[in-house]
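[1] Build the 3D model from these lines:
(chains A and B)
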Amino acid sequence: MMVGRTIEQVYPKRPVQLGEVVLEVEGLSHPTEFEDISFSLRKGEILGFYGLVGAGRSEVMQALFGITKPSHGRILLEGQELTLISPQDAIRAGVVLVPEERGRQGAVLPLPIVQNISLPQLDRLSRKGFIDMAAEFALARQYGERLQVKASSWSQPVDELSGGNQQKVVIGKWLATRPKVIILDEPTKGVDVGAKAAVHDFMVELAEQGLAVIMVSSELPEVLGMADRIVIMHEGHVRRVLTRDEATPEAVVTAATGAEPSNLVRHRAA
Amino acid sequence: MMTANLRRREAALAGIIVLMIFLIGLRAPIFLTPGSLREVLSDTSILIILVLGQMLVILTRGIDLSVASNLALTGMLVALLSTAAPWVPGVIFLVLAAAIGLALGAINGLLVWRVGIPPIVATLGTLSIYRGIIFLLTNGEWVNSNEMSPSFLGFPRLTLFGIDMFSWLAVLIALGVWFLLAHTRLGRNFYAAGGNPRAAVYTGIDPSREQFRAFCLSGMLAGLCGYLWVSRYAVAYVDTAAGFELQVIAACVIGGVSIAGGIGTVLGAVLGALFLGVVKNALPAVGISPFWQMGISGVVIVVAVILNARGERREGRRILRPATAG
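    Sure thing, here's the model as predicted:
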């Protein structure tokens, strides 16, 4: 009530009709970071990734985005196997990653909003190395308006914006690539309550439009409130995958700490 | 990319340069004649070209300490060629010098990109190596003007509309670099790679590959300047332009190019170079010792850095203005 809205409005998750499977990950492994990661993701689904710091969630996401190379396993996008050499491959295929730290990994702060939004798809916006400035501006304007970025002009450098608006620019630049799968790594870390709600609203909107969303979060209420299913990781392994109905705070946290309480053991044996 | 802050700085710097020329003109009116101002531009053109190359490297969070050594080695090589083959036309020296410089710059770039050596260390090494090679080539002998061919000495002195080749090249290269930065992917990659290397990686840009490319361009411009320099001063020897890299970097800093990477404009860099050029040419005209130049340049660098830091702090966030969508 402190922010003038009720708790349900903070997590605006609505049930969505899930579509076909978009992304399948089979036995993805890395020599030091994670092992045997398997999960699938459907259109319209918000898949939560929960775990303690160091559980290997971000590392898995970086492998899905072509930043780190897995040693084993397959990534299938709409049934086609993906071979990712660099993030450019992932962007072209339709998988994008909105990274965790806005300042360090997200935005190029001295550059204007326009140039931040166009950055991942400059190859599409340029011919023979020359940038089509009009197309670039139109794209930035479209997504800046859609995300309601508050700025004095689209040419304003991103470092002059508030944290929430910087985050909107970062999300906008990835949406502008029209992805099939969007991975949000700690999307609301360090943003104010209002911007947080905007990001949540937006995630729901994306899912309703048929995008498949992966949300990595360390905030238990956020994961419980937003995700259709929750993949829980611990020390580089997937411990459990829980549906929205199965996911109680206790079940999620025990799986995340690697503990095996008796009732869960019984549940498994049955 | 041009924040209001940067534009203010550039206007201030331009104002200071004009004021300086005016004040010196009061004491020594000859300084204000077109011929004299043309000479200042011509004399500063090599610095301008080097500063533009250096700016590209600094934009990507690198630094090229080897530019003066590259210049000296390339200058010596083309000077030796002109003594051996006097029939070679001037424009060939220019192209050849750019090619040699590009190769030397590529060595810097590969050390940074492929071997993973920090730019300051890699170019500190090649700074010594390139100059050392000059000694190995010549045993310390000089190549003097009487040994150089007329085409070698004459080409940069050709004039068009009363402006010599030195100045024309500086103007053309400034326009070229401006276009590169404003309208091409390569330029945008430079800003992104230096402005936030980690974010650049997430968009598919390899920051150290961009550094390699910047080093290639800086090397190419340094090589080109090698020919211009040796031809202008009509002598090539081991210590050609020794220490000049510091003036180049100083001009970048004065011109508002951020050593932290990702911030800088062609206009700022050119004004930074012109500032040092005016100081160098004007002070002797009013009878001030050339040694004052060093002190003045130093003070200006410190002031420029303080202004940078303050400007960044004052700028801050502006969230309360409505979106204007345009």
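[2] CA atoms for contacts and neighbours, from now on please.
    Fine.
[3] where do the helices sit along the stretch 101-250 of chain B?
    Using DSSP state H, counting those that start in this stretch, the helices assigned to the stretch 101-250 of chain B run over residues B:119-138, B:150-154, B:165-183, B:185-195, B:197-202, B:207-233, B:244-254.
[4] Figure out which of the ones you listed is closest to A:Ser155.
    A:Ser155 lies closest, by Cα to Cα, to one member of the helices of the stretch 101-250 of chain B: helix B:165-183, at 13.3 Å.
[5] circling back to that earlier point, just so I know, which of the helices of the stretch 101-250 of chain B lies nearest chain A?
    In terms of Cα to the nearest Cα, the element of these nearest to chain A is helix B:197-202, at 4.1 Å.
[6] how deep is the nearest residue to A:Ser29 once chain neighbours are set aside tucked in, by neighbour count?
    Once flanking residues are discounted, A:Ser29 sits nearest to A:Glu35: 4.1 Å by Cα to Cα, 6 or more residues apart in numbering or on different chains. A:Glu35 is surrounded by 21 other residues when neighbours are defined as other Cα atoms under 10 Å in any protein chain shown.
[7] Please apply the same query to B:Arg27.
    Residues near B:Arg27, counting by other Cα under 10 Å: 12.
[8] where's the nearest residue to it once chain neighbours are set aside relative to chain A, distance?
    In space, and not counting its chain neighbours, B:Arg27 is closest to B:Val286: 6.5 Å by Cα to Cα, 6+ apart. In this view, B:Val286 and chain A are 41 Å apart by Cα to the nearest Cα, to the nearest Å.
[9] Enumerate every residue touching B:Val286.
    Listed by Cα atoms under 8 Å, 6 or more residues apart in numbering or on different chains, the contact set of B:Val286 reads B:24, B:27-28.
[10] do that again at 10 Å, thanks
    By Cα atoms under 10 Å, 6 or more residues apart in numbering or on different chains, the contact set of B:Val286 is B:23-29, B:31.
[11] Can you list which of these are found in helices?
    Using DSSP state H, the subset of the contacts of B:Val286 located in helices is B:23-27.
[12] Filter those residues down to the buried ones.
    With neighbours counted using 16 or more other Cα atoms under 10 Å in any protein chain shown, the ones in helices among the contacts of B:Val286 contain these buried positions: B:24-25.
[13] Please look at A:Leu84 and A:Leu64 and confirm they touch.
    Yes - taking contacts as Cα atoms under 10 Å, A:Leu84 lies within contact range of A:Leu64: 7.9 Å.
[14] Pull up the overlap in contacts between the two.
    Shared contacts of A:Leu84 and A:Leu64 (Cα under 10 Å, 6+ apart): A:70, A:75, A:90.
[15] returning to what we had before: which one of the helices of the stretch 101-250 of chain B lies closest to A:Ala212?
    When these are compared by Cα to Cα, helix B:197-202 sits nearest A:Ala212, at 19.5 Å.
[16] mind checking how far the lengthiest strand in chain A is from the chain centre?
    Scanning chain A for the strand with the most residues, using DSSP state E, yields strand A:21-29. In terms of Cα atoms, centre = their mean, to the nearest Å, the centre of strand A:21-29 is found 16 Å from the chain centre.
[17] looking only at pLDDT, what's the mean for that strand?
    Across strand A:21-29, pLDDT averages out at 88.
[18] With stretch B:23-32 instead?
    On average, stretch B:23-32 scores 83.
[19] Need the residues that contact that stretch.
    Around stretch B:23-32, the neighbours that count as contacts under Cα under 10 Å, 6+ apart are B:17-22, B:33, B:36-40, B:278, B:281-283, B:285-287.
[20] Endpoint to endpoint, it covers what distance?
    Stretch B:23-32 has an end-to-end distance of 10 Å (Cα to Cα, to the nearest Å).
[21] Go through stretch B:31-40 and flag the buried ones.
    For stretch B:31-40, the neighbour count (16+ other Cα under 10 Å) marks B:31, B:37-40 as buried.
[22] so the residue lying closest to B:Ser128 once chain neighbours are set aside is in which element?
    Counting by Cα to Cα, 6+ apart, B:Ser69 is the residue found nearest to B:Ser128 once chain neighbours are left out, at 7.4 Å. Element membership of B:Ser69, judged by DSSP states H and E, is helix B:67-84.
[23] Could you list every helix and strand that that helix packs against?
    Other elements packing on helix B:67-84 under the criterion 3 or more Cα pairs under 10 Å, 6 or more residues apart in numbering or on different chains; DSSP states H and E are helix B:34-59, helix B:90-113, helix B:119-138, strand B:143-144, helix B:150-154, helix B:207-233, strand B:235-236, helix B:244-254.
[24] If I average pLDDT within each of these, which one is lowest?
    Lowest mean pLDDT of those: helix B:150-154, a mean of 81.
[25] if we can go back for a sec, highest mean neighbour count out of the helices and strands packed on helix B:67-84?
    Mean neighbour count (mean count of other Cα atoms under 10 Å in any protein chain shown) peaks for helix B:207-233 among those, with a mean of 27.
[26] does that helix come close to chain A?
    No - using Cα under 10 Å from any Cα of the partner chain, helix B:207-233 stays clear of chain A, coming no nearer than 12.6 Å.
[27] which helix of chain A spans the most residues?
    Longest helix in chain A, counting by DSSP H: helix A:193-208.
[28] Where does the prediction get shaky in chain A?
    Applying pLDDT under 70 to chain A picks out residues A:1-10, A:101-105, A:260-270.
[29] All the helices of it, residue numbers only.
    Counting by DSSP H, chain A has these helices, from start to end: A:7-10, A:57-64, A:87-93, A:113-118, A:122-125, A:133-146, A:163-175, A:193-208, A:220-226, A:249-257, A:262-269.
[30] So for A:Glu186, which of the helices of the stretch 101-250 of chain B sits nearest?
    Evaluated with Cα to Cα, those place helix B:197-202 nearest to A:Glu186, the distance being 15.5 Å.
[31] contacts for that closest one?
    If you take Cα under 10 Å, 6+ apart as the criterion, helix B:197-202 is touched by A:62, A:65-67, A:86-88, A:91, A:96-99, A:101-109, A:116, A:119-120, A:170, B:60-61, B:189-194, B:203, B:205-208, B:261-262.
[32] Now do the buried residues in that helix.
    Buried-residue list, helix B:197-202, by 16+ other Cα under 10 Å: B:197-202.
[33] Take the residues you listed and lay them out in JSON lines including pLDDT.
    Converted to JSON lines, the buried residues of helix B:197-202 look like this (pLDDT from 0 to 100):
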{"residue": "B:Pro197", "pLDDT": "87"}
{"residue": "B:Arg198", "pLDDT": "84"}
{"residue": "B:Ala199", "pLDDT": "83"}
{"residue": "B:Ala200", "pLDDT": "87"}
{"residue": "B:Val201", "pLDDT": "85"}
{"residue": "B:Tyr202", "pLDDT": "84"}
